[in-house]
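Colleague: Any chance you can model this:
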Amino acid sequence: MFVATLVAQGSLGQGDIAEAADRVAATGARVAASAVIEPGEAADILFEGDPIAVRSTLQALPGAIDVIVQPQATREKKLLVADMDSTMITIECIDELADYAGIKPQIAEVTERAMRGELDFAEALKARVALLAGLDEAMIERCRAERVKLMPGAKTLIQTLRARGCHTVLVSGGFTRFAEPVAAEIGFNKVVANVLDIAGGALSGTVQFPIVDSARKQAELEEALTALGLDAALSIAIGDGANDIPMIEAAGLGVAYHAKEKTRAAADAEIRHGDLSALLYAAGIARKDWVRD
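Modeller: Predicted structure coming up:
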């Protein structure tokens with residue numbers, strides 16, 4: 001049995017749910033039931049059939065509706081691995097740090113190409129960090145304080161899942177000086193990120209090896225599954241860039257969050273309209289059961 005979860009940014013009425021159920025049935029699937037998770041916001045359709053065909057037809061629904069299709073039995077995950085920049089926070093840290101060095105456009109262009117998968121991530125990272133050589137170390141903390149904002153729903157998502165026994169890992173191709181405070185604020189169990197070399201109070205223009213790249217992200221997910229004794233079906237990976245694709249493909253549910261085209265194509269589900277709290281509805285958790293500040 002599969003479950004298709006609809007999460008609307010407008011109003012989700014009974015007519016919308018009925019239309020969605022009709023579309024599911026039109027694929028040849030057997031619709032077993034539908035249920036409201038949160039009135040006006042989220043609903044489930046339970047079905048037996050082709051999940052890929054169902055996802056495709058439901059994504060064509062009019063309006064701002066996100067669709068997550070997955071096996072019903074494993075919808076509430078026990079391991080979550082997430083990217084940081086443009087996923088758990090609203091910015092790309094290296095681009096904003098470059099702004100303090102007066103070279104944001106130059107670096108942001110490379111970041112965008114790397115996230116689209118047009119450049120090798122590790123080489124692009126080394127090239128961008130090299131351009132930051134000599135930047136006052138104090139600019140890291142200033143940038144973090146002035147520019148880093150949590151993605152809407154991030155803290156609620158992680159704290160709610162942790163309260164329900166889910167292990168959470170923040171794995172970032174960015175830097176520990178940003179990732180560690182972010183992970184602490186949101187409430188992740190573990191954080192993995194790159195380490196900037198600093199000497200004499202300034203950035204050296206290099207990053208320590210091994211670089212946290214796409215292979216490392218996938219490895220962190222797989223190592224966590226082994227350590228926890230979990231089947232991959234009980235894992236979820238969330239990211240937006242091409243360097244997130246291997247971990248997204250390795251997870252039981254790979255989610256592209258407001259993502260680049262290649263990442264969207266590789267994912268099992270995508271959040272295009274809503275915020276990260278949509279994934280709580282995907283887990284079948286009603287708003288009354290969310291953990292909030």
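Colleague: can we go C-alpha only for contacts and neighbour counts from here?
Modeller: Will do.
Colleague: Please list all residues in contact with the closest residue to Gly40 other than its chain neighbours.
Modeller: Ranked by Cα to Cα, 6 or more residues apart in numbering and with sequence neighbours excluded, the top spatial neighbour of Gly40 is Leu12, at 4.4 Å. Going by Cα atoms under 8 Å, 6 or more residues apart in numbering, Leu12 touches Pro39, Gly40, Glu41, Ala42.
Colleague: same thing but 10 Å
Modeller: Leu6, Val36, Glu38, Pro39, Gly40, Glu41, Ala42, Ala43, Gly63, Ala64, Ile65 (Cα atoms under 10 Å, 6 or more residues apart in numbering).
Colleague: just Ala4 next, same as before
Modeller: Ala4 touches 20-21, 24, 34, 43-47, 51, 54-55, 58, 67-72, 282, counting by Cα under 10 Å, 6+ apart.
Colleague: Could you rerun that using 8 Å?
Modeller: With Cα under 8 Å, 6+ apart, Ala4 has these contacts: Asp44, Ile45, Leu46, Phe47, Val54, Arg55, Val67, Ile68, Val69, Gln70.
Colleague: List the buried residues for stretch 205-222?
Modeller: By neighbour count with 16 or more other Cα atoms under 10 Å, stretch 205-222 contains the buried residues 205-207, 211-214, 216-218, 220-222.
Colleague: Report the backbone C-alpha coordinates of it in CSV.
Modeller: This file holds the C-alpha atoms of stretch 205-222, laid out as CSV (Å, rounded to 0.1, in the frame of the first residue of the first chain):
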residue,chain,number,x,y,z
GLY,A,205,42.4,30.4,1.2
THR,A,206,42.3,26.6,1.7
VAL,A,207,40.0,24.0,3.2
GLN,A,208,41.0,20.9,5.0
PHE,A,209,40.7,17.5,3.4
PRO,A,210,38.8,15.3,2.8
ILE,A,211,36.3,17.7,1.4
VAL,A,212,32.6,17.0,2.2
ASP,A,213,31.4,16.4,-1.3
SER,A,214,28.6,14.3,-2.8
ALA,A,215,30.3,11.0,-2.0
ARG,A,216,30.8,12.0,1.6
LYS,A,217,27.2,12.9,1.9
GLN,A,218,26.1,9.5,0.6
ALA,A,219,28.6,7.8,2.9
GLU,A,220,27.3,9.6,6.0
LEU,A,221,23.8,8.4,5.2
GLU,A,222,24.9,4.8,4.7
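Colleague: helices or strands up against the host helix or strand of Arg142?
Modeller: Arg142 belongs to helix 138-147 when elements are defined using DSSP states H and E. With contacts taken as 3 or more Cα pairs under 8 Å, 6 or more residues apart in numbering; DSSP states H and E, helix 138-147 sits against helix 93-100, helix 176-186.
Colleague: Now do the buried residues in that helix.
Modeller: Neighbour-count burial for helix 138-147 flags Met139, Ile140, Cys143, Arg144, Arg147 (criterion: 16+ other Cα under 10 Å).
Colleague: Next, the angle from that helix to helix 176-186.
Modeller: Put simply, helix 138-147 runs at 30 degrees to helix 176-186, going by axes from the mean of the first three to the mean of the last three Cα atoms, to 10 degrees.
Colleague: Could you identify the helix or strand that succeeds helix 138-147?
Modeller: The helix or strand immediately downstream of helix 138-147 is helix 154-163, counting by DSSP H and E.
Colleague: for that following helix, which positions count as buried?
Modeller: Ala154, Lys155, Thr156, Leu157, Ile158, Gln159, Thr160, Leu161, Arg162.
Colleague: And for stretch 82-101?
Modeller: Going by neighbour count (16+ other Cα under 10 Å), the buried part of stretch 82-101 is 82-89, 91-101.
Colleague: cool, stretch 114-131 as well?
Modeller: By 16+ other Cα under 10 Å, the buried positions in stretch 114-131 come out as Ala114, Met115, Arg116, Gly117, Leu119, Phe121, Ala122, Ala124, Leu125, Arg128, Val129, Leu131.
Colleague: mind listing what the first one touches?
Modeller: In this structure, Ala114 makes contact with Asp120, Phe121, Ala124, Gly241, Ala242, judged by Cα under 8 Å, 6+ apart.
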